[in-house]
Each structure stands twice: as structure tokens, then as C-alpha cells.
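Enquirer: Make a model of this:
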Amino acid sequence: MKKAISTTLTPANIASVTALLTATPHTLSALSAGRAPEALRQPLGVGERSFIEVVAHLVNSDERTTETIYAALLLDEPLVLAIHPERDWGKLLRYEQCECAELLAYYSFRRATLLRVLNGLSAAQWERSIREAGKQRAESVYWRARAMALHEAEHVAELESRLTQTLS
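Expert: Numbers count the residues shown, from 1 in each chain. Now for the predicted structure:
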């Protein structure tokens with residue numbers, strides 16, 4: 001699959017990443033607007049997640065990724081522990097049990113905070129490295145933010161497609 005944003009660190013690519021990161025909470029709120037809470041908890045298809053479970057997954061991923069970004073900005077080549085966003089973090093925090101409006105508000109607040117940080121970074125800060133336990137290569141702040149933006153965009157596109165077919 002071809003990624004929509006290049007791995008090359010450029011001002012245009014940074015703008016694309018931050019635009020996607022900005023859009024996600026707003027799009028999720030719009031997709032949930034006017035839908036009954038019970039409908040948001042119904043699986044989108046057989047064996048699939050519900051809307052709220054997808055949002056919980058995105059929050060779990062956001063928390064783990066932003067933690068690594070903040071660590072990279074505060075420490076020299078921090079070592080990020082191998083805590084899986086879903087199997088470990090999500091299992092502990094169980095965001096899928098929250099009310100959708102509360103979870104979306106929390107996600108929006110977290111995203112606004114991240115964007116304040118990202119929008120103030122210099123090129124050198126975007127290049128700061130993160131090392132992850134068990135991985136040979138180091139990743140940059142840009143790499144992590146880009147990966148998060150593209151991951152979210154895939155889920156949002158799937159939700160947009162599925163909601164027109166499934167939820168009422």
C-alpha cells in the first residue's frame with residue numbers, strides 16, 4: 001500500500017501530517033453526531049469493532065504514540081518500552097466502556113495539546129530520535145507523528161464507509 005505522505009521530512013509533509021491529526025477528532029465527532037449511544041456500541045459488521053471500540057483503539061494508540069513523541073522532545077534518544085497500545089494499554093484502561101461523547105472530548109483535548117507541541121517544533125526537533133525496545137532502527141518524532149496520522153486516516157475512512165452502510 002502506498003502511503004499518502006512521504007517519509008521525507010519536509011515542511012509540506014509536516015503540514016500534511018498536522019492537517020490529518022487536526023481533522024481526526026472533528027471527523028469522529030461529526031460521524032457520531034445524532035447517533036444513538038446504543039448504535040455507537042453495535043459492531044459495524046460481523047466480527048468487527050463498534051464505533052466506540054474504534055475510537056478507544058485510536059485513543060490507546062494516541063496515548064502510546066504521543067508519549068514517545070514527548071519523551072523524544074524531553075530526552076536524548078529515549079528508550080520506549082514495548083507496551084502494546086491495544087493488548088496492554090487498552091486492556092488496562094478499557095476506554096471502550098466510556099460514553100462516546102466523553103471519550104471524544106478527551107481525545108479532542110489530547111489532540112489539541114499534541115498539536116500545540118507539534119506546531120511549535122523546529123526541523124531539528126522533528127528529527128529527534130526515539131528508540132524502541134526490540135527494534136534495531138531509531139524513529140524520529142516526524143516518523144511517529146506521520147505513522148499516527150496515517151493510521152488514524154485509515155480508520156476514519158473505514159468508519160465513514162461502514163457508517164453509511166451499517167448504523168442508523
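Enquirer: Show me what the helix or strand bottoming out on mean pLDDT in the chain is packed up against.
Expert: Ranked by mean pLDDT, DSSP states H and E, the weakest helix or strand in the chain is strand 79-80, scoring a mean of 82. Counting contacts by 3 or more C-beta pairs under 8 Å, 6 or more residues apart in numbering; DSSP states H and E, strand 79-80 is packed against helix 51-74, strand 129-132. In short, each C-beta sits where N, CA and C put it, glycine included.
Enquirer: okay, these, which one's buried deepest?
Expert: Among those, ranked by average contacts under mean count of other C-beta atoms under 10 Å, first place goes to helix 51-74 (a mean of 20).
Enquirer: ok now do the most centrally placed residue in the chain, which residues does it touch?
Expert: The residue lying closest to the centre of the chain (C-alpha atoms, centre = their mean) is Asp62, at 4.0 Å. By C-beta atoms under 8 Å, 6 or more residues apart in numbering, Asp62 lies in contact with Tyr107, Arg110, Arg111, Leu114, Met148.
Enquirer: doesn't Thr66 make contact with the second one?
Expert: In this case it means Arg110. Yes. Between Arg110 and Thr66 there is a contact at 6.9 Å, judged by C-beta atoms under 8 Å.
Enquirer: for this structure, which spans come out with low pLDDT?
Expert: Residues of the chain meeting the criterion pLDDT under 70: 1-3, 166-168.
Enquirer: can you map out the helices along it?
Expert: Taking DSSP state H, the helices of the chain run over residues 11-32, 37-40, 51-74, 91-93, 100-118, 123-126, 141-165.
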